[in-house]
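Undergrad: 3D, please:
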Amino acid sequence: MALRTETAGRRKRVGIGWLGLLWAAWAGAAQAQQKLELDKALPLDGPALVQPSGLAWDGKRLLMVCSVHDDDIFVVEPQGDKAAFKEAIHIHRPKDAEGMKLAWRGIAMGPDGAFYLASGQACRILRVEKDGDAEWMGPSLLEAGAEKGLFAGENSGIEGVAPLSGKRFLVAASREPRGLLDMDLSGKTPVLTAWLLDKTLIPLGQGRRRPDFADLTEDQGKLWALCANSDAVALLKRNGPDYAEGAYWSFSQVIEDAKYKFAGLRMGLARGLAMNSQFVFIALDNKGVGRKADPSDKRPLLLVFKRPGGV
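TA: This next block holds a predicted model:
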């Protein structure tokens, strides 16, 4: 396996001129912020134990995977004041994945119409056909990421996948430090490229110390990352050989709203991201904790936002 790594910038001595440039970059990032306007907040209603961990829009339907349901892809359907979900595709595992805990951490539909799922446990990408037949795509990303310094934090792993083509994928590494991995399977040998992306100009939520990635999505040729600890959706852009955050949409005002706030949880709860031409969908994993406004209601939430224009 070939491995190519790149450094997200060289160390430079910071003088007055560089401080001015840094301040200008900060001001530019602040101007790029846009608050998402909430359209609906719907409890996810389905199996008793659900921890949403990834969303995808397939052109007609909203699909979801959960970290505790390894064998199913679910379809989510708004029904009045809730979002009901049910099995859409039953996954026929590859033989080497039988009996394995997979712990899905993301789902995306590729240009070929198949679905690509990120396994947190295996640190691999699984291709799933619409009839449920499945195969692994490429090797585990664990070694390539670890050589770059990724996956060092407790419970850190891959979080989200965005197919760039039928043979090339961008995968997010969650936190401490966060980063990105590019897996190119177009040649005879897989080529894996890793980046650290642990700096951010997007404000972190109260009590949250490090930036993270919780999901990825590709839409109309643009890449978006769900930044749970910042309660934001950030545009990812190429910056020379590296990636950088661009404009972002904030939904922190909803997370902090007493109607939707979950009791006692300080970490970022957003775990799934999808969008279409009208809406941005974000799934919250509340870890089975009730909302402050109604402690008895322990269902996770699907937030549906009106999609902003101009980006």
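
Undergrad: how about Phe115, what does it touch?
TA: By CB atoms under 8 Å, 6 or more residues apart in numbering, Phe115 lies in contact with Ala56, Asp58, Leu63, Ile73, Ile89, Ile107, Ala108, Met109, Arg127, Val128, Glu129, Lys130. Bear in mind the C-beta positions are built from the backbone N, C-alpha and C, glycine included.

Undergrad: Can you flag the buried ones in those residues?
TA: Ala56, Asp58, Leu63, Ile73, Ile89, Ile107, Ala108, Met109, Arg127, Val128 (16 or more other CB atoms under 10 Å).

Undergrad: SS state for Glu147?
TA: helix (DSSP: H, G, I helix; E, B strand; the rest coil).

Undergrad: Please report how far it lies from Ala258.
TA: According to CB to CB, to the nearest Å, Glu147 and Ala258 sit 45 Å apart.

Undergrad: In terms of neighbours, single out the busier of the two.
TA: Using other CB atoms under 10 Å, the more surrounded residue of Glu147 and Ala258 is Glu147, with 12 against 8.

Undergrad: Ends of stretch 300-309, what's the gap?
TA: 28 Å (CA to CA, to the nearest Å).

Undergrad: Just the residues contacting whichever helix or strand Leu226 is part of, thanks.
TA: Assigned by DSSP states H and E, Leu226 belongs to strand 222-227. Residues external to strand 222-227 that are found in contact with it (CB under 8 Å, 6+ apart): 160, 162, 170, 172, 200, 202, 211-218, 233-237, 245, 248, 268, 270-273, 275, 282, 311.

Undergrad: Figure out how far it is from the centre of its chain.
TA: In this view, strand 222-227 has its centroid 7 Å away from the chain centroid, taken as CA atoms, centre = their mean, to the nearest Å.

Undergrad: One more: stretch 206-219?
TA: Here stretch 206-219 is found 7 Å from its chain centre; the criterion is CA atoms, centre = their mean.

Undergrad: From start to finish, how long is that stretch in a straight line?
TA: Stretch 206-219 has an end-to-end distance of 30 Å (criterion: CA to CA).

Undergrad: Grab the longest strand from this protein for me.
TA: Across the chain, the strand with the greatest residue count (assigned by DSSP state E) is strand 69-79.

Undergrad: picking up where we left off before, between the buried ones among the contacts of Phe115, which sits nearest Ser140?
TA: Proximity of the buried ones among the contacts of Phe115 to Ser140 (CB to CB) peaks at Arg127, which lies at 15.1 Å.
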